[in-house]
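Trainee: please find the sequence and the predicted model below.
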Amino acid sequence: MNAPIDVSFFARNAKPLTSYRPYWAKRFGTAPFLPMSREEMERLGWDSCDIILVTGDAYVDHPSFGMAVIGRVLEAQGFRVGIIAQPDWQSVEPFKALGKPNLFWGVTAGNMDSMINRYTADRKIRSDDAYTPGDVGGKRPDRAAIVYSQRCREAFKDAPIVLGGIEGSLRRIAHYDYWSDKVRRSIVVDAKCDLLLYGNAERALVEVAHRLARREPVESITDVRGTAFIRRPGDPSAEGWIELDSTEVDTPGHVEDHINPYLTTSEQAQAQGQSCSKEGAQPPFPPGGEGRGEGSSAFKPITIHRPQGAGGVAKLPRERTVIRLPSYEQVRSDPVLYAHANRVLHVEANPGNARALVQAHGEGATARDVWINPPPIPLTTAEMDWVFDLPYARSPHPVYADEHGRHDGATKIPAWEMIRFSVNIMRGCFGGCTFCSITEHEGRIIQSRSEDSIIKEVEDIRDKVEGFTGVISDLGGPTANMYRLGCRSPEIEAACRKPSCVYPGICQNLTTDHGPLIKIYRRARALKGIKKILIGSGLRYDLAVQSPEYVKELVQHHVGGYLKIAPEHTEQGPLSKMMKPGIGSYDRFKTMFEKYSEEAGKKQFLIPYFIAAHPGTRDEDMMNLALWLKKNGFRADQVQTFYPSPMATATAMYHSGLNPLKGVHRDERGEKVDIVRGEKRRRLHKAFLRYHDPNNWPLLREALKAMGRADLIGNGKHHLIPTFQPVTDGSYQSARKKNSTPLKPGARVQPRAGQVLTQHTGLPPRDTGGRPSGVARKPGRRPGV
């Protein structure tokens, strides 16, 4: 039986979001939309805004958009909140549109990292932007969080700047920047913000807002979890902390073995000949609150501690211990230290036992420390319900409407259209996939809404959202099927330091009961006016196979013909670097999927997605994947190339050539990782995924001969590619239409006789109702990872 997150260890250590006394401006009531202009402020009776949010996205008042959530949460606390969406950053004037904020600026690049939003994995500029009206690109600057922060400072110099969003979260320490191919400083330094709030920041933001409203200086707010800020050497606010060198936690050298992240705290102690008995244990959050050491009534100066003996590190009081990472200058010039710092960051990620981190930037007069407090305490179910039940308009701001007052025409915002009829039921992910940034941003602990709150939102969509046809496009979140899953023991959950609950296998302490999720599916689809409930979020199929009842429910009632899942690869080498399950889990799920589809009398198909050029992938691995695809009749039209996002473990592999999952060492004990660099080799790996495309055959022939596998070149069914080369037009149809390679001048448009193109070539073509044979439909968009 699942332990409710409300009574977990974490819930007892955080002030509830609804327990704050509302700010005096609560009297103004709720705004239909948060104002974007002076005229709207006047209609609301406001003379000023207490907080102004600046975002790189168009303003959509929907709980799937971060600025809407933050704005409504602050509004519910009584603050007057205005929004400046996608301002023209070429001038400071748009940042003055709402006047000076009384309390602070809230700055974010938007729902997506601005660099990932702007550039493809091959560093090519995108011409579209799903978070902009009309899908128009170029409405936000590169590194938008930095640019917006600088303009806010220029507009009103003395107004504090609080930076948030995923762009800030993933750049809170010195990080490898794929687009400039170098290590950049923490965004706290570059943006010159007063505070950075990382992760889902409702809890931290509400506390910071109320403290600033009490006229507490922003520079004194240094004790809020989930925040990062600058400290100068000798800062008195650092008194009483014990500083621990990060190499004592994880040694990137020859001295002692690293801490195995797959062991629990007690297992680590046992491996070192120690004990984890309660008599000598230090609770992660001891009674007495922050700011007091054991037996002490006052802060003491910061001390640099080098523990003696094997158990020294574990005996330090975690709540007053800060780990010093290698400096920016060190990680910039030493890839080994970069991998080490990244490893320590991920080890110190559990809110129950994480310690503060500090990293020096600059030397001499420019020296300062970036101080990162432990992650925020997860929201309880009651708090999740409160956040999602706020009065969202569930539509874009009226300023984006077309001449007919609608949002589904030329000014349509694709990201809103995608989630318009969907419901977010949870947050977080304990999968730990190394290429994914969800864990770094939302955390590993699942935060679930109550069943009643979810059903209420479905009813609201049915009754209030214009254009609803009876189909809910998704009941999900970062993953489709982690709702209410978690550790069997709150105490174990608070002490665990594993990077994943499902790799290399499913943890024995993890509950895999999908019963609560099945109940929601059945209750939602039984509602009057609901024709279909689809599941569009990515499915964790290694968890799903633990519950055959769930798979049956999903397959027979919630699949719209195609179900997208992401095995990512077939070969153990790259899968081990991704922390993904073996292809055997996919095969087991496929068997169940086909069985239950047949029982329901439905013809349904799995659409597997794969990643090319991931760290640890050899050319032979991609060749074997291509052979698997051909054997199973798949022809991938949508190809995902590895994209090194800041702070991801796979990005640390890409930059350093080392595997942080197994410890970082300078000698032969450090595992080297095969890195796919250079345009030619990345194109080769993508070509293996699209082995059926004649445009790729010359490159594949050359590679197969070089690999000694010319036996795969031939015209038989067992060959991968043929010996002949047809005339090709050189075009490529991408999942994002505007990123496709156009036809060459003079190329023929009509396909050759017998060629059939469908949304996913290799599957039976759909009845097109008269569509000319061979004309392709627009391919679907790959789900986010």
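Mentor: Thanks, I have the structure now. The structure displayed is predicted, hence computed values, not measured ones.

Trainee: could I get the full set of helices for the stretch 401-550 of the chain?
Mentor: Secondary structure of the stretch 401-550 of the chain by DSSP state H, counting those that start in this stretch: the helices cover 414-419, 438-442, 451-464, 490-495, 515-525, 541-544, 548-557.

Trainee: and what of the stretch 601-750 of the chain?
Mentor: 619-631, 649-656, 679-689, 697-706.

Trainee: the longest one to helix 697-706, inter-axis angle?
Mentor: Here helix 619-631 runs at an angle of 120 degrees relative to helix 697-706 (axes from the mean of the first three to the mean of the last three Cα atoms, to 10 degrees).

Trainee: now helix 619-631: average pLDDT?
Mentor: The pLDDT scores in helix 619-631 average 97.

Trainee: going by neighbour count, list what's buried in it.
Mentor: Using 16 or more other Cβ atoms under 10 Å as the test for burial, helix 619-631 gives 619, 621-630. In short, each C-beta sits where N, CA and C put it, glycine included.

Trainee: try stretch 480-491
Mentor: Buried positions in stretch 480-491, judged by neighbour count with 16+ other Cβ under 10 Å: 480-487, 490.

Trainee: before we move on, what about stretch 660-674?
Mentor: 660-665, 670-671, 673-674.

Trainee: mind putting the residues you listed into a markdown table with distance to I187?
Mentor: Shown next, in a markdown table, are the buried residues of stretch 660-674 (distance: Cβ to Cβ, whole Å):
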| residue | distance to I187 |
| --- | --- |
| P660 | 21 |
| L661 | 25 |
| K662 | 29 |
| G663 | 28 |
| V664 | 24 |
| H665 | 30 |
| G670 | 29 |
| E671 | 30 |
| V673 | 26 |
| D674 | 30 |
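
Trainee: nearest to G515 among the residues you listed?
Mentor: L661 (32.7 Å; Cβ to Cβ).

Trainee: of the helices of the stretch 401-550 of the chain, which shows the lowest average pLDDT?
Mentor: helix 438-442 (a mean of 89).

Trainee: and M418, which of the helices of the stretch 601-750 of the chain is closest to it?
Mentor: Across these, closest to M418 is helix 679-689 (Cβ to Cβ), at 24.4 Å.

Trainee: mind exporting the C-alpha coordinates of stretch 216-232 to CSV?
Mentor: Only the C-alpha atoms of stretch 216-232 are listed here, as CSV (Å, rounded to 0.1, in the frame of the first residue of the first chain):
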residue,chain,number,x,y,z
GLU,A,216,13.7,42.1,4.8
PRO,A,217,16.8,42.9,2.6
VAL,A,218,17.1,40.4,-0.2
GLU,A,219,20.8,39.9,0.6
SER,A,220,19.9,38.5,4.0
ILE,A,221,17.6,35.8,2.5
THR,A,222,20.2,33.0,2.5
ASP,A,223,18.4,30.2,4.3
VAL,A,224,15.6,29.3,1.9
ARG,A,225,15.8,25.8,0.4
GLY,A,226,15.9,25.6,-3.4
THR,A,227,17.8,28.9,-3.8
ALA,A,228,21.2,30.0,-5.0
PHE,A,229,23.0,33.3,-4.5
ILE,A,230,26.3,35.0,-4.3
ARG,A,231,28.4,35.2,-1.2
ARG,A,232,31.6,37.2,-1.0
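
Trainee: cool, thanks, signing off.
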